[in-house]
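Novice: 3D model of this:
(2 chains)
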Amino acid sequence: MLFDTNAYLGPYAFRRLRHNTAAGLLARMDAKGIDKAAVSSAAAITYRNTQAANEELAEAVRPHRDRLVPLAVINPAYAGWKDDLAICHEEFGMKGLRLYPHWHRYGPADPCCLELVHLATERGMVVSIPLRVEDYRQRSWLVDVPDLRPADLVPLIKACPKTRFVLVNGAGFAGSPLGQAGKDLPGNYVIEISRLSAVLANEIGQLLARLGPDRVVFGTGMPFNAPDPALVKLEVLDATEEVKEQIRWKTAARLFASP
Amino acid sequence: MPTFTRRRFVQAVLAASGTAVGAGAPAVLAEGAPRHGGAGPVIDCHAHLHHHGEPDWKEKDRRLIEAADKLGIDQLCCSILTPKRPASAEGFRECNAWAAEATRRFPGRVLAYCYVNPGHGREALDEIRRGVLDRGFVGVKLYNEHRCTEPVVFPVVELSIELRVPILHHAGHSHYFVADQPRMSDGGHLAELAARYPEARLICAHVGGGGDWEWTIKALRHARNVYLDTSGSVIDEGIVDLAARVVGVDRLLFGCDMSMTAGVGKIRAADLSPADKQKILGLNMQKLLAWRA
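Specialist: Residues are numbered from 1 along each chain as shown, chains lettered A, B, ... in the order given. Below is the predicted model of the structure:
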């Protein structure tokens, strides 16, 4: 069993994506042995009104809810976001949020973000935060959106101890407070592996040792990313089969289960 | 815990294209096949050993070999760079002496590029001759001290033609000024250099090393004597597929540039035939290295 905590549907503004329809993503998942995926809209990253993208996503995943777990992209600096949150949760049955603070021009510790995360937590929703969309060095001439650094998320994570955070598309956790045990941080976040090393510096191994086996989850970044690098990591990682099962799906299944 | 064997790795990489590996698989797929030589080697065309100024360089080098073992990589084509650049002549000579020592420490496993800063003129050329002729280095590594179209680089290219060795050239194309690499080359510069020296064999480094990889691939379409290395940390879906379509599989070289699982995973993900993947994984590099022989 494999649960991909980091997948997307729809178009992206700056590059053609393949396998980005529900059928296409499912076919790719089948080919790679991936059973379930938490998906959000790639279009929502650059739409001004992200709710239009959430509507598209809800429609796309409707026949595939057994395998695709939809996440809403909400911009708490945009008009009507509380209504959007309610619709995404109550009507669309979305299990969580995916937030893009830098792309949507707010800070992860800004009051609007804290309010959104608190309201989502009250609804029992998971909060997924990509630390980047693409490699910063390949950015279009139209945009200049810096990556979130792991340390940027510390105030938000501390302020929302009851929230279940899934941090995706990140690296450098081992050298940040988020990668240290006993740093006065709640254990309310898990870290996804698509950008973490499994050999050489072996950041995955470091995080497993410091945070525990239930704090690291499988994710690919499909269809932005090829899924195979994440799969190769699981194959070469020095860990017991029991730990790998937690990474592959057990922790994610628990996170995305209804509270 | 299941062991990740070389056989499993190669089969997975080849089978990922949807074609099963069967009885007709090349000899190298057989369990216990020799790590080096034979058909279908896996050669990482872009790797680095560690500068001996790092206190744990030996352990880091050991980990690189260990990672290659896990991933089924037979040979690593390595250079050692100076920590500060532009490199002094003394600095690159020291690095190359360590690289030569590494080829003895890991015989047949580590192949070495001779790293020079072309700005040092005669000293750079002497160092390349020493590396290739006396130490058996397999190529030249150029970084970002000079853009590859600057005349100061030309004698190095001419010597590489004389010695029949490729040049692995650092490259990347961003749509902004990269302040810490003002003389970085890109695929367009390498294509220009290749047109000036059609006998040269150039390797454009790490298409996945950061920068607009679609731009790089398109810039190299007509540069028949430029190979493209697939290494780098960027694992965007479709890099290798687009490169195969535009540049052609015969000019693609598998590499990791220390992003080991990214390097392997990109090849595994590509929608190419097993035969084409074997070319990329090592046969193309093997042929390129045979130029000197």
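Novice: for chain A, what's its nearest residue on the stretch 101-250 of chain B.
Specialist: B:Gly210 (3.6 Å; CB to the nearest CB). The C-beta positions use only the backbone N, C-alpha and C, and glycine is treated the same way.
Novice: and that residue, that's in a strand?
Specialist: No - under DSSP: H, G, I helix; E, B strand; the rest coil, B:Gly210 falls outside any strand and is assigned coil.
Novice: does it touch B:Ser231 like I think?
Specialist: No - assessed by CB atoms under 8 Å, B:Gly210 is found out of contact with B:Ser231, at 11.1 Å.
Novice: between these two, who's got more neighbours?
Specialist: B:Ser231 (26 against 17; other CB atoms under 10 Å in any protein chain shown).
Novice: now do the contacts for that one.
Specialist: B:44-46, B:205-209, B:254-257, B:259, B:263 (CB atoms under 8 Å, 6 or more residues apart in numbering or on different chains).
Novice: tally of neighbours for the spatially closest residue to it that is not a sequence neighbour?
Specialist: In space, and not counting its chain neighbours, B:Ser231 is closest to B:Gly255: 3.3 Å by CB to CB, 6 or more residues apart in numbering or on different chains. Neighbour count for B:Gly255, taken as other CB under 10 Å: 31.
Novice: so where does B:Gly255 fall, helix or strand?
Specialist: Using DSSP states H and E, B:Gly255 sits within no helix or strand.
Novice: how near is it to B:Leu111?
Specialist: Going from B:Gly255 to B:Leu111 by CB to CB, to the nearest Å gives 13 Å.
Novice: again, but for A:Leu85
Specialist: 57 Å.
Novice: so which residues of the stretch 1-150 of chain B form strands?
Specialist: B:43-48, B:75-79, B:110-115, B:139-142 (DSSP state E, counting those that start in this stretch).
Novice: B:Val156 is in what secondary structure piece?
Specialist: B:Val156 belongs to helix B:154-163, assigned by DSSP H and E.
Novice: would you mark the buried spots in that helix?
Specialist: By neighbour count with 16 or more other CB atoms under 10 Å in any protein chain shown, helix B:154-163 contains the buried residues B:156-157, B:159-160, B:163.
Novice: what's the answer for stretch A:144-160, then?
Specialist: Per 16+ other CB under 10 Å, stretch A:144-160 contains these buried residues: A:145, A:147-148, A:150, A:152-154, A:156-157, A:160.
Novice: now the two most distant members of these.
Specialist: A:Val145 and A:Cys160 (23.4 Å; CB to CB).
Novice: for the nearest residue to A:Ala239 once chain neighbours are set aside, phi and psi?
Specialist: Spatially, and ignoring its direct neighbours in sequence, A:Ala239 is nearest to A:Leu208 (6.4 Å; CB to CB, 6+ apart). Note on A:Leu208: its backbone torsions stand at phi -60, psi -40 [degrees, to the nearest 10].
Novice: do you know the pLDDT at A:Leu208?
Specialist: The score at A:Leu208 is 98. That number is its pLDDT.
Novice: what's the burial count for it?
Specialist: 20.
Novice: how about it, what does it touch?
Specialist: A:215-216, A:239, A:243.
Novice: can you tell me which of those is nearest B:Val13?
Specialist: Looking across the contacts of A:Leu208 and measuring by CB to CB, the closest to B:Val13 is A:Ala239, at 22.0 Å.
Novice: can you name the residue of chain A nearest to chain B?
Specialist: The minimum distance from chain A to chain B, using CB to the nearest CB, falls at A:Pro229 (3.0 Å).
Novice: surely that residue is in contact with B:Cys256?
Specialist: No - here A:Pro229 does not reach B:Cys256: they are 10.8 Å apart, not a contact under CB under 8 Å.
Novice: between these two, which one's more packed in?
Specialist: Ranked by neighbour count (other CB under 10 Å), A:Pro229 and B:Cys256 place B:Cys256 first, with 31 against 26.
Novice: do you know how far that one is from A:Val236?
Specialist: Distance of B:Cys256 to A:Val236, given as CB to CB: 13 Å.
Novice: got a pLDDT number for the residue in chain B that chain A sits nearest to?
Specialist: Going by CB to the nearest CB, chain A is nearest to B:Gly265 of chain B, at 3.0 Å. If you check B:Gly265, the pLDDT there is 98.
Novice: spell out which helix or strand contains it, please.
Specialist: Here B:Gly265 is assigned to helix B:260-269, by DSSP H and E.
Novice: got the angle between that helix and strand B:43-48?
Specialist: 150 degrees (axes from the mean of the first three to the mean of the last three CA atoms, to 10 degrees).
Novice: buried stuff in helix B:260-269?
Specialist: B:260-269.
Novice: contact partners for B:Arg183?
Specialist: Here B:Arg183 is in contact with B:144-147, B:150 (CB under 8 Å, 6+ apart).
Novice: which parts of the stretch 151-259 of chain A sit against chain B?
Specialist: A:194-195, A:197-200, A:221-233, A:235-236, A:239-241 (CB under 8 Å from any CB of the partner chain).
Novice: kindly recompute the last result at 7 Å.
Specialist: By CB under 7 Å from any CB of the partner chain, the residues of the stretch 151-259 of chain A that approach chain B are A:198-200, A:223-229, A:231-233, A:235-236, A:240-241.
Novice: in ChimeraX, how would I select the buried members of the residues you listed?
Specialist: Those of those that count as buried under 16+ other CB under 10 Å are selected in ChimeraX with:
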select /A:198,199,200,223,224,225,226,227,228,229,231,232,233,235,236
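Novice: so A:Ser197 touches A:Leu207, yeah?
Specialist: No - counting by CB atoms under 7 Å, A:Leu207 is not a contact partner of A:Ser197; they are 10.5 Å apart.
Novice: number of nearby residues for B:Gln286?
Specialist: So B:Gln286, with other CB under 10 Å, has 17 neighbours.
Novice: name the element it belongs to?
Specialist: Using DSSP H and E, the element containing B:Gln286 is helix B:284-289.
Novice: so where is the stretch 101-250 of chain A shaky, pLDDT-wise?
Specialist: Applying pLDDT under 70 to the stretch 101-250 of chain A picks out no residues at all.
Novice: can you rerun that using 80?
Specialist: Within the stretch 101-250 of chain A, the stretches with pLDDT under 80 are A:182-183.
Novice: how about the residues of chain B that lie near chain A?
Specialist: B:1, B:4, B:16, B:63-64, B:67, B:70-71, B:172, B:174-175, B:210-213, B:234-238, B:258, B:260-262, B:264-266, B:268-269.
Novice: picking up where we left off before, what's near enough to touch the closest residue to the residue of the stretch 101-250 of chain B closest to chain A other than its chain neighbours?
Specialist: Closest residue to B:Gly210 apart from its sequence neighbours, by CB to CB, 6+ apart: A:Arg137 at 3.6 Å. For A:Arg137, the contacting residues are B:172, B:174, B:210-211, by CB atoms under 7 Å, 6 or more residues apart in numbering or on different chains.
Novice: just flag the most distant two among those residues.
Specialist: B:Ser174 and B:Gly210 (7.5 Å).
Novice: which helix or which strand is home to the closest residue to B:Asp257 other than its chain neighbours?
Specialist: The spatial neighbour of B:Asp257 that comes closest, neighbours along the chain excluded (CB to CB, 6+ apart), is B:Ser231 at 3.7 Å. Taking DSSP H and E as the definition, one finds B:Ser231 inside no helix or strand.
Novice: distance check, A:Pro213 against B:Phe106.
Specialist: Counting by CB to CB, the gap from A:Pro213 to B:Phe106 is 34 Å.
Novice: how about A:Ala44?
Specialist: For A:Ala44 relative to B:Phe106 (CB to CB), the value is 49 Å.
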